[in-house]
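Undergrad: Build me a model from this:
(one chain, ligands or ions: 1)
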Amino acid sequence: MCGIIGYIGHRQAREVILNGLKRLEYRGYDSAGIAVIQDGLGLYKKRGKVHDLELLIQDLELNATSGIGHTRWATHGVPSDVNAHPHTDSQSSFALIHNGIIENYDVLREDLEKKGHTFHSETDTEVLAHLIEEIQKMGSLGFYEAVQQALLQVDGTYGIAVVHEEYPDQIIVARMGSPLLIGIGEDEFFVASDASPIVGYTQKVVYLEDEEIAVITRDGYEVSTLKNVPHTKEVHELALSLEQIEKGGFPHFMLKEIFEQGDTISDCMRGRVILNENRIQLGGLDGYVDKLLKARRIIIAACGTSWHAGLVGEYLFEYLAHIPVEVEYASEFRYREQLIDENDVMIVISQSGETADTLAALREAKKRGALVIGICNVVGSTIARETHAGVYTHAGPEIGVASTKAFTAQVTVLAMMALLLGKENRTLSEESMKELLSELDSIPEKVNEILKDTSEIERIASLFTYAPNFLYLGRSYNFPVALEGALKLKEISYIHAEGYPAAEMKHGPIALIDEHMPVVVIAATDHTNEKIVSNIEEVNARKGRVISITSNGQSSVNRLAEFSVTIPETHDCLTPLLTSIPLQLLSYYIAVNRKCDVDQPRNLAKSVTVE
Ligand code: F6R
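TA: Here you go, the predicted model:
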């Protein structure tokens, strides 16, 4: 989703901002813009890629040492040069960039139009710029005070950064529901919507909280509430390195991230799977395990891929710890009758830790007294900070818009939590715990084994590159993997795909099967194997093209399927950590064959900070 970068210091602002915008590309965007202060306000914006903006300004003599830049993901108004940020007041004396949505923009716009303001774009952001101008004009206020007053009048969410030609030595920033951080360098400061654009310049950051506003100058920064109460902020050290956010020789971030999964699953388990003591140690849950065990039910709330991980979690918690679980789309949960209270526990899962709907579900559950536990990847993200307790996935930055390594890390955390609770609840014997811990410990090696030879998956991808539809079937733990496989394909190759529990095929989707329909069957769990064999027979009888993902031992499946990708064997409940890998690769190679923009698929955003 939209990205923000700002700079004030001694370097050329253009370079810092363009670098930052490139690092923000992964969030998904359709246009980009930059504003610098150099003998007045210089404003440049362009629909398309950051590279197009770079071409637009490459021959200009820009010598500014402060400025702001933005990548826009359209919500109000089509992607276009004019709708791109920054936006300005009527006199073009200041420029503003904005992440989020001003919900009452139409009322404000109507009022401002009556007062003589002319709007050039269709965006909600331009309304905020004109509102600041109007307030300053009417109240004879200073610029900072006018920004403050305007923000008190808007409903909705924002992370903003503003520069003014009369105040070349300051950037004003503010946050409500849309993340923003200030990077602290040596005699230079940065502002960004996440840490990726500032890594390499500084590791020191402060995170703004909702309703905070800050003035950043060349000498420092001051943070206060919108109502002028000064806030002293804690300085955090970023754990992110430059190498972590570069491609490392892979053609795409997505492929790099798929291949990292042996390591990321290991990193996720490090210091947590204690084999010699036959136990799981999750420091982030210290003091909360009892509450989890006594919960009337656990509600898992998440969106997209994280929701799929949550579905795997449901099977794991119920099987290993006998705790009832419900999995909710965060976006639906928040608008349902709220029957959650202090007897329930909510687990929110989010790679970015910033997804607006997941955050709203978290807040609703907290308000009603439930314990809320987070499973997040981005350290210091809003969800990570607002939950009572949590477990980080430690998968490192995920830049490819399609989530891969975050999914397997989320499932790993859920497996560790279920094992911890199963042991405490005595639903797992010492013997079963031992067997499962040792299986979990061997997963990274098995992931690497799958990744050692991808030739069969590449071959299948080339045969089905132009298939218009795909069906994915799985049972039990692998039903959510079927959903995830279909989502991956849709997202990056734009092929229509659907995931189903295998037995549901007979209740409708079977009508679609003919000789043109590839059907990916995930057949890796022993206890549902016989049933899945029957499903394959049913597809074969209708001439469907079966691509099976099976474990080494399942010869009957391999015999029946037209194509087979075999993976190492593991315990049934851990198979999603392996079966998801060939599906990620299948969608990746198909998307590459179709010449799709794998890392930044159309219309998608990495972090969905609007509702
Ligand atoms: C799919 C994908 C999305 C996210 C969803 C939730 O590849 O990345 O479906 O899973 O937008 O995002 P987070 O996990 O950041 O809350």
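Undergrad: burial count for the residue in the chain that the ligand sits nearest to?
TA: Residue of the chain nearest the ligand, by Cβ to the nearest ligand atom: Gly304 (1.9 Å). All C-beta spots, glycine's among them, are computed from the backbone N, C-alpha and C. Using other Cβ atoms under 10 Å, Gly304 is surrounded by 23 other residues.
Undergrad: going on from the longest strand seen in the chain, what's the next piece of helix or strand?
TA: In the chain, assigned by DSSP state E, the strand with the most residues is strand 167-176. With elements assigned by DSSP states H and E, the helix or strand that comes after strand 167-176 is strand 181-184.
Undergrad: Okay, now the sheet partners of that following strand, with direction.
TA: Strand pairing for strand 181-184, using DSSP bridges, gives strand 189-192 (antiparallel), strand 204-207 (antiparallel).
Undergrad: what's it in contact with?
TA: 173, 189-195, 198, 201-202, 204-208, 214, 216, 221, 235 (Cβ atoms under 8 Å, 6 or more residues apart in numbering).
Undergrad: What parts of the stretch 201-350 of the chain come near the ligand?
TA: 303-306, 350 (Cβ under 6 Å from any ligand atom).
Undergrad: Find the least confident helix or strand in the protein, judged by mean pLDDT.
TA: helix 555-560 (a mean of 82; mean pLDDT, DSSP states H and E).
Undergrad: For that one, name the packing helices and strands.
TA: Helix 555-560 sits against helix 529-541, strand 545-551, strand 563-567, with contacts defined as 3 or more Cβ pairs under 8 Å, 6 or more residues apart in numbering; DSSP states H and E.
Undergrad: Quick one: distance of that helix to the chain centre.
TA: Centroid separation between helix 555-560 and its chain, computed with Cα atoms, centre = their mean, to the nearest Å, is 37 Å.
Undergrad: And for Asn63, the neighbour number?
TA: Counted with other Cβ under 10 Å, Asn63 comes out at 11.
Undergrad: from the middle of its chain, how far away would the helix or strand that contains Glu435 be?
TA: Using DSSP H and E, Glu435 maps to helix 430-452. For helix 430-452, the distance from its own C-alpha centre to the chain's C-alpha centre is 27 Å (Cα atoms, centre = their mean).
Undergrad: Begin at 653, not 1, for the rest of this chat.
TA: Right, with 653 as the first residue, what we last looked at is helix 1082-1104.
Undergrad: and Leu1023, bridged to which residues?
TA: Going by DSSP bridges, Leu1023 forms beta bridges with Val997.
Undergrad: which non-adjacent residue is nearest Gly1021?
TA: Nearest residue to Gly1021 in three dimensions, chain neighbours excluded: Glu994, at 3.6 Å (Cβ to Cβ, 6 or more residues apart in numbering).
Undergrad: Identify the residues contacting the one you found.
TA: 1020-1023.
Undergrad: after the helix holding Glu1087, next one along is what?
TA: According to DSSP H and E, the helix or strand after helix 1082-1104 is helix 1107-1115.
Undergrad: If you count contacts, what does that following helix end up packed against?
TA: Using 3+ Cβ pairs under 8 Å, 6+ apart, helix 1107-1115 is in contact with strand 1215-1219, helix 1228-1245.
Undergrad: which bits of the stretch 1003-1152 of the chain sit near the ligand?
TA: 1003-1004, 1007, 1010, 1054-1055, 1139, 1143.
Undergrad: returning to what we had before: of the strands paired with strand 833-836, which is nearest Ala1067?
TA: For these, the distance to Ala1067 is smallest for strand 856-859, at 30.0 Å, taking Cβ to Cβ.
Undergrad: interface residues of the stretch 1153-1263 of the chain facing the ligand?
TA: 1259-1260.
Undergrad: Any chance you could list what contacts stretch 1068-1088?
TA: 921, 924-925, 930-932, 934, 937, 941, 944-945, 965, 968-969, 971-975, 1043, 1089, 1092, 1223, 1225-1226.
Undergrad: Now that stretch: buried residues?
TA: Within stretch 1068-1088, the residues that qualify as buried are 1068-1077, 1079-1080, 1085, 1088, counting by 16 or more other Cβ atoms under 10 Å.
Undergrad: next one: stretch 886-894
TA: 890, 892.
Undergrad: all strands of the stretch 1003-1152 of the chain, in order?
TA: 1023-1028, 1041-1044, 1121-1126, 1148-1153 (DSSP state E, counting those that start in this stretch).
Undergrad: mind listing what's buried in the second one?
TA: This means strand 1041-1044. 1041-1044.
Undergrad: ok, now how distant is Tyr757 from Phe771?
TA: 10 Å (Cβ to Cβ, to the nearest Å).
Undergrad: For the two, list the residues in contact with both.
TA: Val779.
Undergrad: Of those two, which one has the most company?
TA: Tyr757 (21 against 15).
Undergrad: Now the more buried one: closest residue in space that isn't a chain neighbour?
TA: Asp776 (3.6 Å).
Undergrad: Next, count neighbours for the one you found.
TA: Based on other Cβ under 10 Å, the number of other residues close to Asp776 is 24.
Undergrad: give the contact list for it.
TA: Here Asp776 is in contact with 727-728, 750, 753-755, 757, 808 (Cβ under 8 Å, 6+ apart).
Undergrad: okay, Gly914: pLDDT?
TA: Per-residue confidence at Gly914 stands at 96 (pLDDT).
Undergrad: ditto for Thr1222
TA: 95.
Undergrad: Setting the sequence-adjacent residues aside, check what's closest to it.
TA: In space, Thr1222 is closest to Glu1091, 5.4 Å off (Cβ to Cβ, 6+ apart).
Undergrad: number of nearby residues for that neighbour?
TA: Neighbour tally, Glu1091, other Cβ under 10 Å: 18.
Undergrad: Next up, the contacts around it.
TA: Glu1091 neighbours (Cβ under 8 Å, 6+ apart): 1222-1223, 1226.
Undergrad: Ser893 is in contact with Val851, isn't it?
TA: Yes: with contact defined as Cβ atoms under 8 Å, Ser893 and Val851 form a contacting pair (6.8 Å).
Undergrad: So, low pLDDT: which residues of the protein?
TA: Under the criterion pLDDT under 70, the flagged ranges of the chain are 653, 1178, 1205, 1262.
Undergrad: can you list the domains in it?
TA: The record's domain split for the chain, according to automatic domain parsing, is 655-896, 899-1104, 1105-1252.
Undergrad: Run the chain-centre distance for the last one.
TA: Here the centre of domain 1105-1252 is set off from its chain's centre by 24 Å, with Cα atoms, centre = their mean.
Undergrad: ends of it, how far apart?
TA: Start-to-end span of domain 1105-1252 (Cα to Cα, to the nearest Å) is 26 Å.
Undergrad: same thing with stretch 800-809?
TA: End to end - Cα to Cα - stretch 800-809 spans 15 Å.
Undergrad: export the strands of the stretch 1003-1152 of the chain to a markdown table and tack on distance to Ile950?
TA: As requested, those are exported to a markdown table (distance: least, Cβ to Cβ, whole Å):
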| stretch | distance to Ile950 |
| --- | --- |
| strand 1023-1028 | 9 |
| strand 1041-1044 | 13 |
| strand 1121-1126 | 23 |
| strand 1148-1153 | 21 |
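Undergrad: Would you tell me which of these gets closest to Lys767?
TA: strand 1023-1028 (43.8 Å).
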